[in-house]
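K.L.:
whatever this is, show me its structure:
(chains A, B, C and D)
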Number of protein chains: 2
Amino acid sequence: MNEEFTIGQVAEKTGLPIHTIRYYEKEGILPFIKRNESGRRIFEYEDIQWINLLNCLRDTGMPIAQLKDYADLTLQGDPTGEKRLEILKKQKEKIEEQVNILKSHIELLNLKMEWYPRLKKENIQFDHAVKAWLKDGKLPPEQ
Amino acid sequence: MNEEFTIGQVAEKTGLPIHTIRYYEKEGILPFIKRNESGRRIFEYEDIQWINLLNCLRDTGMPIAQLKDYADLTLQGDPTGEKRLEILKKQKEKIEEQVNILKSHIELLNLKMEWYPRLKKENIQFDHAVKAWLKDGKLPPEQ
DNA sequence: ACTTGATCTAAAGTGAACTTTAGGTTGTAG
DNA sequence: CTACAACCTAAAGTTCACTTTAGATCAAGT
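P.N.:
Residues are numbered from 1 along each chain as shown, chains lettered A, B, ... in the order given. As a prediction, this is how the structure comes out:
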């Protein structure tokens, strides 16, 4: 219980390089980390969870400056919960939208591949005209 | 039909700065753009769709070099459809996972906020111990 | 005590992705 | 015919997010 970790262990668990963890602390987005008597960083399990959240937000394009805002809110404690919730929800919606864009491109590619043999046989291009035929997403019957 | 656009119009429609569009072309990730007699770029509707896909992939962390690979596959035409599909699916799965991570953090925050008044009243910290009680995600009955 | 590996700080360096600058061409409106 | 906005290239500059370097301290094993 209340396990403690060194920076090296945290690097391994989170996939972040040691130097990046120190850099993040300097930027103020790891505001909870304690030190021992000789100045070495001590991480707890919650710090690892926090770093995982940072990783997630970074990987989806949130800049450090915004992470800093989020960290500052978190430092202000529970009363800022609603604001933080808002930020996370917005980010979630943003990346859900990206998922939808990707889905539609995936569908288009699938459609193209389904059409490809037919198009080749009939020597036509998969272009806007063809896409227009495809409103229902099905191949018309072969002539 | 078969509408054509200038770089300025495309910039407006896609949200990318004009200079970035030119930069993207130089990097080889806009391989379909034609020119008029005097060397100006001519964009079609499909080019705008392509840029939207690029934007989506970039916004979710795909580097230019990988976009270049994807563009090269696309240039090779329909036979590389499966490969491209694989790339898009992988990216989609990657960002769906990020959505899940965010969801779990959002839930935790919601939980904290639900608990906050109780914790304050009983003067306890929302910490590991508390989280341990919460396996079922519900508040225990008030004592 | 001595070596070795992990940690520390401060500061300089790097790579990717733009962004700006400089100087030139084009095309439409007055 | 001239102004002026929109376009062009090539090249230098900037920003962000690390990453590396240099030099010091600490902790465990022999």
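
K.L.:
any residue of the longest helix along chain A up close to chain B?
P.N.:
Ranked by residue count, the top helix of chain A under DSSP state H comes out as helix A:81-122. Yes: Helix A:81-122 is in contact with chain B by C-beta under 8 Å from any C-beta of the partner chain, via A:81-82, A:84-85, A:88-89, A:91-92, A:95-96, A:98-99, A:101-103, A:105-106, A:109-110, A:112-113, A:116, A:120. All C-beta spots, glycine's among them, are computed from the backbone N, C-alpha and C.

K.L.:
give me the contacts around stretch A:7-21.
P.N.:
A:F5, A:R22, A:Y24, A:L30, A:R40, A:R41, A:F43, A:D47, A:I48, A:I51, A:N52, A:N55 (C-beta atoms under 8 Å, 6 or more residues apart in numbering or on different chains).

K.L.:
stretch A:29-36: how far from the chain's middle?
P.N.:
With C-alpha atoms, centre = their mean, to the nearest Å as the basis, stretch A:29-36 stands 24 Å off its chain's centre.

K.L.:
so is stretch A:58-67 next to chain B?
P.N.:
Yes: using C-beta under 8 Å from any C-beta, we find that stretch A:58-67 touches chain B at A:D59, A:T60, A:G61.

K.L.:
near the second one, how many other residues are there?
P.N.:
To tie it back to what came earlier, the one meant is A:T60. 21 (other C-beta atoms under 10 Å in any protein chain shown).

K.L.:
and if you look at the first one?
P.N.:
Counted with other C-beta under 10 Å, residues neighbouring A:D59 total 16.

K.L.:
which residue packs closest to it, ignoring adjacent ones?
P.N.:
B:G61 (5.6 Å; C-beta to C-beta, 6 or more residues apart in numbering or on different chains).

K.L.:
that neighbour contacts A:G61, correct?
P.N.:
Yes: look at B:G61 against A:G61 with C-beta atoms under 8 Å: they come within range, at 6.5 Å.

K.L.:
who's in contact with A:N36?
P.N.:
Counting by C-beta under 8 Å, 6+ apart, A:N36 touches A:I42.

K.L.:
could you report the distance from the spatially most central residue of chain A to A:I29?
P.N.:
Geometric centre of chain A, nearest residue: A:T60, 3.3 Å, by C-alpha atoms, centre = their mean. Using C-beta to C-beta, to the nearest Å, A:T60 is found at 15 Å from A:I29.

K.L.:
before we move on, what about A:F43?
P.N.:
Taking C-beta to C-beta, one finds A:F43 at 14 Å from A:I29.

K.L.:
go through stretch A:63-83 and flag the buried ones.
P.N.:
By neighbour count on 16 or more other C-beta atoms under 10 Å in any protein chain shown, the buried set for stretch A:63-83 is A:I64, A:L67, A:D69, A:Y70, A:A71, A:L73, A:T74, A:D78, A:T80, A:G81.

K.L.:
and those, which two are furthest apart?
P.N.:
Farthest pair in these (C-beta to C-beta) is A:I64 and A:D78. Separation: 24.4 Å.

K.L.:
which strands or helices does the lengthiest strand in chain A pack on?
P.N.:
Criterion DSSP state E: the longest strand present in chain A is strand A:41-44. Helices and strands touching strand A:41-44, by 3 or more C-beta pairs under 8 Å, 6 or more residues apart in numbering or on different chains; DSSP states H and E, are strand A:4-5, helix A:7-14, strand A:34-35.

K.L.:
how about those in JSON lines, adding mean pLDDT and distance to B:T14?
P.N.:
Below are those laid out as JSON lines (pLDDT from 0 to 100; distance: least, C-beta to C-beta, whole Å):
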{"stretch": "strand A:4-5", "mean pLDDT": "96", "distance to B:T14": "45"}
{"stretch": "helix A:7-14", "mean pLDDT": "97", "distance to B:T14": "35"}
{"stretch": "strand A:34-35", "mean pLDDT": "96", "distance to B:T14": "47"}
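
K.L.:
mean neighbour count and distance to DNA strand D for these - can I get that in TSV?
P.N.:
Compiled in TSV, the helices and strands packed on strand A:41-44 are given as follows (neighbours: other C-beta atoms under 10 Å in any protein chain shown; distance: least, C-beta to the nearest atom of the strand, whole Å):
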stretch	mean neighbour count	distance to DNA strand D
strand A:4-5	14	13
helix A:7-14	16	10
strand A:34-35	10	11
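
K.L.:
could I get those as JSON lines with distance to B:Q9?
P.N.:
As requested, the helices and strands packed on strand A:41-44 are arranged in JSON lines below (distance: least, C-beta to C-beta, whole Å):
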{"stretch": "strand A:4-5", "distance to B:Q9": "54"}
{"stretch": "helix A:7-14", "distance to B:Q9": "44"}
{"stretch": "strand A:34-35", "distance to B:Q9": "55"}
